[in-house]
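**Q** give me a model of this one.
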Amino acid sequence: MAAGLGKRMRSARPKVLHEIAGRPMLAHVLDAARTISPAGVAVVVGHGGDEVRRALAAPGLTFVRQDPPRGTGDAVRVALAALPRDGVTVVVNGDTPLIPGPLLRSLAERAARGHLALLTAHAPDPTGLGRVVRDGGGAVRRIVEDRDASASERAIGEIYTGVLAAPTALLAAWVSRLVPHNAQNEYYLTDVVAASVADGVTVDAVVAPDERDTRGINDRAQLADVERIVQRQLAETLMRAGTAIADPARFDVRGTLVCGSDVSIDVGCVFEGRVVLGDGARIAPYCVLRDSEVGAGSDVRAFSVLDGAKVGANARVGPYARLRPGAVLGDEVHVGNFVEVKSSTLGRGSKANHLAYLGDATLGERVNYGAGAITANYDGANKHGTVIGDDAAIGSNVVLVAPVEIGAGATIGGGSTVAKNAPAGELTVARAKQVTVHGWKRPSRKPR
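**A** Numbering: from 1, shown residues only. Prediction:
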C-alpha cells in the first residue's frame, strides 16, 4: 500500500519515494515481497501515483489507483481487483523499508493453512499505532486504532504493524463487509480481524523478533532514524567480512559497496551507485565515491571525489582530487591535491600531483604532468583530444591546446602554450619573450 499522502513529510515528493540507502523506501519493501515469489504484486498509489509508477515500474508489478483515499481497507479492495483470486494475499505498507522477507514468508505460510496471520510487535512507544486487543486466553479479538482507543486500550504495548496475510477469497469477503464506523470515516483494514473472529477463522499473531524491522516512516526524523539502522546493518555486514570501518555511525552506502580483503574506510565517506574496492584499498576521511572502482593497495586520500572513475592498483588519489566520468588511472598513478581528471587515461606510473586539469587526454606511462598544467580541450562547440607519450614531462602552468600530441620523452617548458605537436625526445618552449622595461614606474594614487 503506497497511496498515503505523507503530510508529515512536508514534501512535494510522494512519501514512498523518499530514499533509504540511496533507494526509494518502497523499493526496499518490494525487494522483501519478491523473496516469497508472489504470483503478482499490486502497488496501490494515490497522491503522486504517476511519479511512483515512473520510479518503480518493473515486470510483475501492477499499479492501481485509490482515488479518493478512503482508508486501508479500501486500498486493499482496490488491490484485490488486480490480483489472482486463488491462494493467499500478503498486505504490506509501502513505508516499512526494514521489513524482512522471512517474516512475510512466515505470514504467508500461516495464511495458506486458512488462518488470518498478523504481524505484531512490542513498541517502546505505541503512540499513534493500532493496538492488538486479546482476550483472557491470549487470543486476538480485534485491533483498535489509536485515535479510536479507550484509555485502557492505549495502555496496551503490542501494536499491529500494518502487515497481514489471509486466504485471498476470505480477505475479499471481509473487505467487502467493511463499514466506516470510526472517527475518520474511513474503511479500516484492521476491522477484518473482528470479522475473522466472527466467522470462526483462527487469527494467528506473529510477534516480530525485532521491533525495528516493522517501523513505518511518517516524518523526516523517522526517515533519518531508519537510515541509520540500515547503514549500521550494512556496516556490520562489511565489518564481519573483514572491512575496517572507523566509525559505523559516520558511514553511508547509497547503492552497492563491494570490498576485497583488508579494505579500510575512514569516517564520513559516502558510496553511491556501485563501488568496488580492491584488496587493501584505503579510503581516507570524507571521500565520495560514485560508480567507481579502486584497485588493490590504492590509497584515496581525504576529501576526494570519484565519479565514474577506475583506479588501478597501488595508485594514490588526493587529497582533494576530483575524478570525473571516464577517468581511468593505471597502476601506480599519482593524482594529487586539486587535480581534476575527466574522460582521460593515465598510464602506469604517471603523475599529476598539483593543481592540474586533464580532459579528453591519453597519457602514456611515467608521464610527469606539472602543477597548473591544463588541457584546453573545448573550443566552445566540440571537445578535442590530447595525446602525451611515455616519459614526457609537462612543466608547470602549461596549456596544451587540443587537438595536440606530445611525443614520447618530450619536455614542455613551464609556462608554455602548446598548440602544435611537440616532437619526441625534444624540449619545446612556447612562451612570450621576457622583456625588462628600464625606468618604468608604477602609477601612484593621487592624494584626496
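**Q** please go through the protein and pick out the longest helix.
**A** Secondary structure of the chain read by DSSP state H shows that its longest helix is helix 220-240.
**Q** who are the packing partners of that one?
**A** strand 19-20, strand 244-245, strand 251-259 (3 or more CB pairs under 8 Å, 6 or more residues apart in numbering; DSSP states H and E). To be clear about C-beta, it is placed using only N, CA and C from the backbone, and glycine gets the same treatment.
**Q** how many residues are close by Ser292?
**A** Per other CB atoms under 10 Å, the neighbour tally for Ser292 reads 24.
**Q** go on, Ser150?
**A** Residues near Ser150, counting by other CB under 10 Å, number 9.
**Q** next one: the residue lying closest to it once chain neighbours are set aside from Tyr188, what distance?
**A** If the residues on either side of it in the chain are set aside, Ser150 comes closest to Val144, at 8.0 Å by CB to CB, 6 or more residues apart in numbering. Per CB to CB, to the nearest Å, Val144 is found 9 Å from Tyr188.
**Q** check contacts around Arg431.
**A** 413, 415-417 (CB atoms under 8 Å, 6 or more residues apart in numbering).
**Q** for Ser196, same thing?
**A** Counting by CB under 8 Å, 6+ apart, Ser196 touches 116, 166, 170, 174, 203.
**Q** now the residues you listed as TSV including secondary structure and neighbour count?
**A** Shown next, in TSV, are these (DSSP: H, G, I helix; E, B strand; the rest coil; neighbours: other CB atoms under 10 Å):
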residue	secondary structure	neighbour count
Leu116	strand	26
Ala166	strand	30
Leu170	helix	20
Trp174	helix	23
Val203	strand	23
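**Q** Gly318: which of those residues is nearest?
**A** Nearest to Gly318, judged by CB to CB, of those is Ala166 at 56.1 Å.
**Q** so where is the stretch 51-200 of the chain shaky, pLDDT-wise?
**A** The stretch 51-200 of the chain contains residues with pLDDT under 70 at 182-183.
**Q** for the closest residue in space to Arg177 that isn't next to it in sequence, helix, strand, or coil?
**A** Closest residue to Arg177 apart from its sequence neighbours, by CB to CB, 6+ apart: Ala195 at 6.0 Å. Assigned with DSSP: H, G, I helix; E, B strand; the rest coil, Ala195 falls in the helix class.
**Q** now do Ala195 against Leu118, distance only.
**A** Distance from Ala195 to Leu118, by CB to CB: 13 Å.
**Q** who has more neighbours, these two?
**A** Counted by other CB under 10 Å, Ala195 and Leu118 do not tie: Leu118 has more neighbours, with 26 against 19.
**Q** and the more buried one, backbone torsions?
**A** phi -120, psi 140 (degrees, to the nearest 10).
**Q** same check, this time on the one 4 residues further on
**A** Comment: the main-chain dihedrals of His122 come out as phi -100, psi 110, following degrees, to the nearest 10.
**Q** what is the burial count for it?
**A** By other CB under 10 Å, 13 other residues sit near His122.
**Q** just checking, it touches Glu158?
**A** Yes. Proximity of His122 to Glu158 meets the contact threshold set by CB atoms under 8 Å, at 5.7 Å.
**Q** can you list contacts of stretch 318-328?
**A** Under CB under 8 Å, 6+ apart, the answer for stretch 318-328 is 284, 287, 292, 300-311, 317, 329, 335-346.
**Q** re the thing from before, just the contacts of Ser196 now: which is nearest Arg445?
**A** Using CB to CB, the contacts of Ser196 come closest to Arg445 at Ala166, 88.3 Å.
**Q** once you drop chain neighbours, what's closest to that closest one?
**A** Ala166's closest residue in space is Leu116 (CB to CB, 6+ apart), at 4.8 Å.
**Q** and what of Ala422?
**A** Using CB to CB, 6+ apart and skipping residues adjacent in sequence, the residue nearest Ala422 is Thr428, 4.1 Å away.
**Q** OK, contacts around the one you found?
**A** Thr428 neighbours (CB under 8 Å, 6+ apart): 410-413, 416, 418, 422.
**Q** please redo it, this time with the cut-off set to 7 Å
**A** With contacts defined as CB atoms under 7 Å, 6 or more residues apart in numbering, the neighbours of Thr428 are 410, 412-413, 416, 418, 422.
**Q** please parse this structure into its domains.
**A** The chain breaks down by automatic domain parsing into domains covering 7-214, 220-428.
**Q** quick check: phi and psi at Pro167.
**A** According to degrees, to the nearest 10, Pro167 has phi -60, psi 130.
**Q** that one and Ala111 touch, don't they?
**A** Yes. Pro167 lies in contact with Ala111 (CB atoms under 7 Å); the separation is 6.0 Å.
**Q** tell me which of those two has more neighbours.
**A** Higher neighbour count among Pro167 and Ala111: Ala111, with 23 against 19, using other CB under 10 Å.
**Q** Ala172: what secondary structure?
**A** Following three-state DSSP, we place Ala172 in the helix state.
**Q** what helix or strand is Thr89 on?
**A** Thr89 is part of strand 88-91, with elements assigned from DSSP states H and E.
**Q** one step back: of the contacts of Thr428 - the most surrounded one?
**A** Ile412 (27 neighbours).
**Q** please save the CA atoms from stretch 384-395 in PDB.
**A** C-alpha atoms of stretch 384-395 as PDB (Å, rounded to 0.1, in the frame of the first residue of the first chain):
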ATOM      1  CA  HIS A 384      39.200  17.600 -28.700                       C
ATOM      2  CA  GLY A 385      41.800  15.100 -27.500                       C
ATOM      3  CA  THR A 386      45.400  15.400 -26.200                       C
ATOM      4  CA  VAL A 387      47.900  12.600 -26.500                       C
ATOM      5  CA  ILE A 388      51.000  12.500 -24.300                       C
ATOM      6  CA  GLY A 389      53.600   9.800 -24.900                       C
ATOM      7  CA  ASP A 390      55.600   7.700 -22.400                       C
ATOM      8  CA  ASP A 391      58.100   9.500 -20.200                       C
ATOM      9  CA  ALA A 392      57.100  13.000 -21.300                       C
ATOM     10  CA  ALA A 393      57.500  15.900 -18.800                       C
ATOM     11  CA  ILE A 394      55.000  18.700 -18.900                       C
ATOM     12  CA  GLY A 395      56.200  21.800 -17.000                       C
END
